[in-house]
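In: The following block contains a protein sequence and its predicted model.
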Amino acid sequence: MTIERKTTERPRILLIGANGQVGWELRRTLATLGNVVTASLEGECGPIIDLMDPLSLRRLVDETQPDALVNAAAYTAVDKAETDQDTARRINADAVGEMAELVAVRGIPLIHYSTDFVFSGEIDRPYREDDLTGPLNVYGETKLAGEQVLLNSGAQALIFRTSWVYGIRGANFLLTMLRLLQERDELRIVDDQVGAPTWSRMLAEVTALVLYRVLRGELDLADVGGLYHLTGSGQVSWYGFASAILEESGLEGKLIPIPSSEYPAPALRPRYSVLDNRRVQDTFGLTMPDWRVSLRQCLEERI
């Protein structure tokens, strides 16, 4: 049944992927902007949406009649994607194209998230938005395909590429380290892959700040829409990130740095995937916090 609208109602924001680590934070930050209608792939909050079925997405948009759509849903199982390519492409690319068509017809904005894994990791400076892509794995390929179909759709869209996302909910490196540090005396951590850890709360806060200005008419996506890099500032290896988690959490344990060759995985990872935040900072007047500052704040939240 279609949800009734009132002329005095605040903007309605449809959030897809509301039960993920970014979606969970978005549920709170977007609530300050309007009425958030949540939909998830597993039905933990709001209606279930099946991104494998195009009709499911269309029905949801028709029923909710949103003023904006935020897509925090993605197939993020990097290694599993190597053998589950059809599902990864369906969720990360095909469904994004269908969202683009739906919002373009309605003239409403769409915010979508992508990944540092669209790059090969072969350069030694932070990647800019216009740098040549070259994903090393199926996950990166499907996320890049999603970017391309959205950028070519004519929809009013913002794509935030991010990296090494963590938070107090979901499956991520921070929570894995906190668990393993309490279970084992010694951990071996890859030290030759470098990126920028990004707190899911920060992603959600920036999304809300930007969308607020879009909904108020202060920003025209015809002028500022497109692709932006959005991560914590600075850079670190996985070993360095784990060392900071150990120090900031007050836990005890021994960490041993190892090369990627000693931790083989089905999917290749870029050795360097730091993203340059200058465009998002200059366009929206923001400053991205240092990754370690955000880590400290995130851990304080758990106390």
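Out: Sure, I can see it.

In: mind checking the SS state of residue 27?
Out: Of the three states, residue 27 takes helix under DSSP: H, G, I helix; E, B strand; the rest coil.

In: What is the neighbour count of the closest residue to it other than its chain neighbours?
Out: Excluding the flanking residues, the one nearest residue 27 by C-beta to C-beta, 6 or more residues apart in numbering is residue 18, at 5.6 Å. In this view, the C-beta of every residue, glycine as well, is placed from N, C-alpha and C. Neighbours of residue 18 under the rule other C-beta atoms under 10 Å: 26.

In: what secondary structure does residue 18 sit in?
Out: Classification of residue 18 using three-state DSSP returns coil.

In: go on, residue 155?
Out: coil.

In: check contacts around it.
Out: For residue 155, the contact set (C-beta atoms under 8 Å, 6 or more residues apart in numbering) comprises 100-101, 103-104, 110.

In: what residues does the helix or strand where residue 103 lies touch?
Out: Element membership of residue 103, judged by DSSP states H and E, is helix 95-106. With C-beta under 8 Å, 6+ apart as the test, helix 95-106 has contacts from 16, 51, 54, 57-58, 61, 69, 71, 73, 109-110, 112, 146, 149-150, 153-157.

In: what's the distance between that helix and the middle of its chain?
Out: Remark: helix 95-106 is offset 19 Å from the chain centroid, using C-alpha atoms, centre = their mean, to the nearest Å.

In: and if you look at stretch 248-265?
Out: 24 Å.

In: now swap in stretch 108-120 and tell me
Out: On C-alpha atoms, centre = their mean, the centre of stretch 108-120 falls 7 Å from the chain's centre.

In: Repeat that for stretch 14-34.
Out: Centre-to-centre, stretch 14-34 and its host chain are 12 Å apart (C-alpha atoms, centre = their mean).

In: Quote the end-to-end distance of it.
Out: The first residue of stretch 14-34 is 10 Å away from its last residue (C-alpha to C-alpha, to the nearest Å).

In: OK, contacts around residue 180?
Out: For residue 180, the contact set (C-beta under 8 Å, 6+ apart) comprises residue 187.

In: So for the helix or strand where it lies, what gets flagged as buried?
Out: In this assignment (DSSP H and E), residue 180 forms part of helix 173-183. Residues of helix 173-183 classed as buried: 173-175, 177-178, 181 (neighbour count, 16 or more other C-beta atoms under 10 Å).

In: how close does the residue nearest to residue 76 when sequence neighbours are not counted sit to residue 114?
Out: Closest residue to residue 76 apart from its sequence neighbours, by C-beta to C-beta, 6+ apart: residue 139 at 7.2 Å. Per C-beta to C-beta, to the nearest Å, residue 139 is found 11 Å from residue 114.

In: Ok, residue 95 next?
Out: Relative to residue 114, and taking C-beta to C-beta, residue 95 is found at 14 Å.

In: mind listing the strands for the stretch 101-250 of the chain?
Out: If DSSP state E, counting those that start in this stretch is used as the criterion, the strands of the stretch 101-250 of the chain fall at 110-115, 157-162, 165-166, 186-190, 194-195, 198-199, 226-229, 236-237.

In: Neighbours of the residue nearest to residue 82 when sequence neighbours are not counted, how many?
Out: Nearest non-adjacent residue to residue 82, counting by C-beta to C-beta, 6+ apart: residue 266, 4.6 Å away. If you count neighbours by other C-beta under 10 Å, residue 266 ends up with 12.
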